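Asker: Dropping the sequence and predicted coords here.
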Amino acid sequence: MVRNKGIFLFFFSYLLLACSESLGQVSRYVVYFSDKNNSPFKIESPEKFLSSRAIQRRENQDISITPRDFPVNPQYIEKLREKGVPIYYSSRWLNAVLIEESASNLEKIEGLSFVERIEFVAPGSKLKSNGSFFEKEFNSSSNQTSTVDDYLTSDFQNQMLGIDHFLEEGFDGTGKLVAIFDGGFLHADQSPLFEHIFEDRHLLATKDFTTNSSDVFRHHNHGTKVWSCIGGLWGDHYKAGAFNADYILCVTEDVQSEYRIEEYNWLFAAEYADSAGVDIINSSLGYFVFDDKAMDYSREDLDGQTTIVSQAAQMAAERGILVVTAAGNEGITFWNQIIAPADAKDVLTVGAVSDDFSHVSFSSSGPTADGRIKPDVSAQGYETVLASKDGTSLERGNGTSFSTPLVTALATLYWQQNPELRNIDVIKEIKQVGHQAKNPNNQTGFGVPNFYREFTDNLLENYSNLRDEDFLFPNPSLNGIIYLKYAYQNQKFDIRIFDLKGQKYNFPYQGIGGKFLSLNVSTLPKGVYLLKLEDEYESKIFRLVYIGN
């Protein structure tokens, strides 16, 4: 989830730490090693440490395997274990391991010749020693009642991006492997939106990096909502773009606290995703402030190189993975700007727009500290249709957390259609088909991408506006002329129009009902409105979209 979070890189200081916590308290630390000398791994034998999918992804994109891809030297790990140090995760890319240890026992580690430094990343002990990856079976015995709201569908948000055309051509994510990093997937194993995923065995692995366990279906439902925007399916009513892709679910966000450990969890998950051969990572997470104020970022740190999570995202991208990440929801906070890893150079950063293509005020803006345009593109992040809190129905949600997976779905389909492309090519071409590609900015980037329509021209030409289709048409309106079907002949009525923020436009209309009524709204700004029709017996509210010529 995109939240007010962050980390400031700092080196472990024994004296300062001793002043702030008991020397006997067990906390989490990252131990950095000085080298990978005498490694048993060889560039010529990548199958010893990478899956065939990971190797093939590199070959397809002409990416070389380097010593940085080698696992941490197993001899160094063994020497730590000989001293009774519990090791939970290791990082190939940063040549480091995560441990839980008390401050009083760190001296025995600091003195080892191959240890470069030790970094404090979070207080307390939280990791289990028996973590594993597993496949989860769908729980069809849930007592929850599943319902679907006829007024909520995926149609509109799909059509904004042209996902509907990919689906019509038979592209549905088949053969692509997507990893989702989030704070929990509560109720996903019981939701009808993912029943097809479990029944067709599209969920390949799960991992909770916050506790070192395999159960990701807990903690929070944020990941469930995000996943529904990429892979959810509910008959013909709700169909996310990549409903037939394969998935790996990773919990990297600790929803109970805000410490630097979460950047490292993201790193460990990215390395696992790389080894497993993942094509795309969706991350609706971000960091800039923490519970420990000494860890906070400054705006100057958002240069794509400073933070651990941005380094990790960039290294994943350099290994051929398409990383799609949220810009952040800080547009109306003191921070205002994007958050890490949205600043990474070769990731696809996504902002939020309303369904009238306008920037939503909460969506974080760029540029990066070094002057690059961010976000790269935008999608519907206001009133996005997604899984409900308990997973048994649909609801609307707001945030770049939900515009991001829509773009992930689009990228998955486009890459499925064009498998010869590199990840950076996919990013480039998605940006080129944004509706404001000729004039990008730091609020919505290159705009809303759509491969099947020339920018916004005729974007919603065939769209039937849900419950309003029998009363208000054409909706959306291209030229501002709409027709109302009113049931009561010769009945007097009034019409008022409001925007989604509640502003009433001076658009009074009084008339007498008939079979069809004509209304000209071309004087209104392009956007989404509520049309209120009221007579002496009742009032009705319809949703009107005016996109203009």
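Answerer: Sure thing, it's come through. Numbering: from 1, shown residues only.
Asker: Test my guess that Lys532 contacts Ile497.
Answerer: Yes: with contact defined as CB atoms under 8 Å, Lys532 and Ile497 form a contacting pair (7.4 Å). For the C-beta atoms, the positions are set from N, CA and C on the backbone; glycine is no exception.
Asker: Which of the two has more residues huddled nearby?
Answerer: Ile497 (21 against 15; other CB atoms under 10 Å).
Asker: and that one, helix, strand or coil?
Answerer: When classified by DSSP: H, G, I helix; E, B strand; the rest coil, Ile497 comes out as strand.
Asker: So in terms of bridging, what pairs with it?
Answerer: Tyr505, Leu531 (DSSP bridges).
Asker: where do the contact lists of Lys532 and Ile497 overlap?
Answerer: Common contacts of Lys532 and Ile497 (CB atoms under 8 Å, 6 or more residues apart in numbering): none found.
Asker: can you pull out the strands in the stretch 101-250 of the chain?
Answerer: 115-123, 177-182, 203-208, 233-234, 238-239, 246-251 (DSSP state E, counting those that start in this stretch).
Asker: neighbouring contacts of the last one?
Answerer: The list of residues contacting strand 246-251 from outside it, by CB under 8 Å, 6+ apart, reads 175-185, 188, 197, 202-210, 216, 219, 223, 227, 231, 265, 269, 272-273, 276, 278.
Asker: next one: the second one
Answerer: Residues outside strand 177-182 that contact it (CB under 8 Å, 6+ apart) are 1, 53, 204, 220, 222-223, 226-227, 230-231, 242, 245-253, 266, 269-270, 273, 276-285, 405, 408, 412.
Asker: Let me see the domain layout of the chain.
Answerer: According to automatic domain parsing, the chain comprises the domains 14-123, 155-432, 466-546.
Asker: which of those is buried the deepest?
Answerer: Most buried of the domains of the chain, by mean neighbour count (mean count of other CB atoms under 10 Å): domain 155-432, with a mean of 23.
Asker: mind checking the end-to-end distance for stretch 293-302?
Answerer: Start and end residues of stretch 293-302 are separated by 17 Å (CA to CA, to the nearest Å).
Asker: actually stretch 227-242, not the one I wrote
Answerer: 10 Å.
Asker: same thing with stretch 239-254?
Answerer: By CA to CA, one end of stretch 239-254 lies 30 Å from the other end.
Asker: pull the longest helix from this protein.
Answerer: If you go by DSSP state H, the chain has its longest helix at helix 400-417.
Asker: the inter-axis angle of it versus strand 177-182?
Answerer: 170 degrees (axes from the mean of the first three to the mean of the last three CA atoms, to 10 degrees).
Asker: what mean pLDDT would you report for helix 400-417?
Answerer: Average pLDDT, helix 400-417: 98.
Asker: continuing past it, what's the next helix or strand?
Answerer: helix 423-432 (DSSP states H and E).
Asker: That next one - what's its average pLDDT?
Answerer: Helix 423-432 shows an average pLDDT of 97 in the prediction.
Asker: circling back: which of the contacts of strand 177-182 fall within helices?
Answerer: Using DSSP H, the contacts of strand 177-182 in helices are 53, 222-223, 226-227, 230-231, 266, 269-270, 273, 276, 405, 408, 412.
Asker: Quick one: residues contacting the spatially closest residue to Leu524 that is not a sequence neighbour.
Answerer: Excluding the flanking residues, the one nearest Leu524 by CB to CB, 6 or more residues apart in numbering is Tyr546, at 5.8 Å. By CB under 8 Å, 6+ apart, the contact set of Tyr546 is Pro476, Ser477, Gly480, Val521, Ser522, Leu524, Lys526, Gly527, Tyr529.
Asker: make it 7 Å
Answerer: Pro476, Ser477, Gly480, Val521, Leu524, Lys526, Gly527, Tyr529 (CB atoms under 7 Å, 6 or more residues apart in numbering).
Asker: Can you check the pLDDT for the first one?
Answerer: By that I understand Pro476. For Pro476, pLDDT reads 77.
Asker: And the pLDDT at the nearest residue to it once chain neighbours are set aside?
Answerer: Counting by CB to CB, 6+ apart, Pro476 lies nearest to Val545, which is 3.5 Å off, once chain neighbours are set aside. pLDDT recorded at Val545 is 80.
Asker: so what's Val545 bridging to?
Answerer: Bridge pairing for Val545 - DSSP bridges - gives Val528.
Asker: My guess is it contacts Asn475. True?
Answerer: Yes: if you go by CB atoms under 7 Å, Val545 and Asn475 touch, sitting 6.2 Å apart.
Asker: Tabulate the domains of the chain (CSV), appending distance to Val448.
Answerer: Putting the domains of the chain into CSV (distance: least, CB to CB, whole Å) gives the following:
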stretch, distance to Val448
domain 14-123, 27
domain 155-432, 6
domain 466-546, 13
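Asker: Which of these comes out lowest on mean pLDDT?
Answerer: domain 466-546 (a mean of 70).
Asker: And Phe473, how far from Leu249?
Answerer: As defined by CB to CB, to the nearest Å, Phe473 lies at a distance of 42 Å from Leu249.
Asker: how far away is the residue nearest to Pro476 from Leu530?
Answerer: Val545 is 11 Å from Leu530, by CB to CB.
Asker: Check Asp356 too.
Answerer: For Asp356, the distance to Leu530 - CB to CB - is 13 Å.
Asker: before we move on, what about Glu395?
Answerer: Distance of Glu395 to Leu530, given as CB to CB: 19 Å.
Asker: circling back to that earlier point, out of the ones in helices among the contacts of strand 177-182, flag the one nearest to Lys374.
Answerer: The nearest member of these to Lys374, counting by CB to CB, is Thr408 at 16.9 Å.
Asker: hang on, that closest one packs against Trp227?
Answerer: No: here Thr408 does not reach Trp227: they are 10.1 Å apart, not a contact under CB under 7 Å.
Asker: who touches both of Val545 and Leu530?
Answerer: Common neighbours of Val545 and Leu530 (CB under 7 Å, 6+ apart) do not exist.
Asker: in this structure, which spans are helices?
Answerer: Remark: helices assigned in the chain by DSSP H are 14-20, 52-60, 74-82, 107-110, 155-161, 163-168, 195-199, 222-231, 261-276, 308-318, 400-417, 423-432.
Asker: Centroid-nearest residue for this protein?
Answerer: Ser284 (3.1 Å; CA atoms, centre = their mean).
Asker: related to what we said a few turns ago, tell me which two in the ones in helices among the contacts of strand 177-182 are the farthest apart.
Answerer: Arg53 and His222 (27.7 Å).
Asker: returning to what we had before: closest to Ile373 out of the strands of the stretch 101-250 of the chain?
Answerer: Of the strands of the stretch 101-250 of the chain, the one closest to Ile373 (CB to CB) turns out to be strand 177-182, at 24.1 Å.
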